[in-house]
Each structure stands twice: as structure tokens, then as C-alpha cells.
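S.K.: Model the following, please.
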Amino acid sequence: MERIKPLSDFFAAIEKDARISITHIGIYAALLQCWQEHGFINPLRAYSYEVMKIAKVSAHATYHKSVKDLNSFGYIRYEPSFKRNSPSKVYLLF
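M.R.: Residues are numbered from 1 along each chain as shown. This next block holds a predicted model:
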């Protein structure tokens, strides 16, 4: 049960946050999945395409808007790499 605590904490935090959409939730859940797959290392180093695939998001603009929103709302800290061959850093703020 300890492994789902970050997701439970996220749901508790967004309960009254009207800014959060289903896309934000999907991307956050996908980030947690990537975090698990990469050995629970924070910051997570991930490529947008791998997070998008898990979250079932097909448009890059939608992904980037949602990640930037999650960053500005204080749920994650996002540091884009701006390089195709280098993953971005995502700090999961628990």
C-alpha cells in the first residue's frame, strides 16, 4: 500500500482544486509509473514520449501544457532539457 501513497496524496491535494483536469491526473499517474519503473529516483529523468504513451496523450502541446500547469500549481517541479536526446527532469513533490 505504501507504493500508492503518492497517488493517494495527489488525489487528496486536488480534491478541491478546480484547475485540475483528467489530463493532469493522467499525466501525474504516468509520471508516478515512470518513477516506479526508474527505481523510485527523484528527480525522475523521463522523455515526454514515454510519459505520453502511458498517459494516453497523443498531442505534444497537450502534454507540455499539462506538465507546465502541474509545475505552476506546485504538484511537480519540471525542468525541460530542450534536447531530443536528453530526458527532462521531473521532481515529484510529495
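
S.K.: can you give me the strands for this protein?
M.R.: 44-46, 76-79, 88-92 (DSSP state E).

S.K.: ok, which stretches of this protein are helices?
M.R.: When assigned using DSSP state H, the helices of the chain occupy the ranges 5-14, 22-37, 48-55, 60-72.

S.K.: Make JSON lines out of those helices and add mean neighbour count and mean pLDDT.
M.R.: In short, each C-beta sits where N, CA and C put it, glycine included. Listed next are those as JSON lines, based on neighbours: other C-beta atoms under 10 Å; pLDDT from 0 to 100:
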{"stretch": "helix 5-14", "mean neighbour count": "14", "mean pLDDT": "92"}
{"stretch": "helix 22-37", "mean neighbour count": "18", "mean pLDDT": "96"}
{"stretch": "helix 48-55", "mean neighbour count": "17", "mean pLDDT": "97"}
{"stretch": "helix 60-72", "mean neighbour count": "16", "mean pLDDT": "98"}
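
S.K.: Dump those helices to CSV, plus distance to Pro80.
M.R.: Written out in CSV, the entries for the helices of the chain read as follows (distance: least, C-beta to C-beta, whole Å):
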stretch, distance to Pro80
helix 5-14, 21
helix 22-37, 14
helix 48-55, 9
helix 60-72, 8
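
S.K.: returning to what we had before: nearest to Ile4 among the strands of the chain would be which one?
M.R.: Go through the strands of the chain one by one with C-beta to C-beta and the one that ends up closest to Ile4 is strand 88-92, at 13.5 Å.

S.K.: before we move on, back to that, so can I have CSV of the strands of the chain showing mean pLDDT, distance to Val57 and mean neighbour count?
M.R.: Output for those, formatted as CSV (pLDDT from 0 to 100; distance: least, C-beta to C-beta, whole Å; neighbours: other C-beta atoms under 10 Å):
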stretch, mean pLDDT, distance to Val57, mean neighbour count
strand 44-46, 96, 13, 18
strand 76-79, 98, 15, 16
strand 88-92, 97, 15, 18
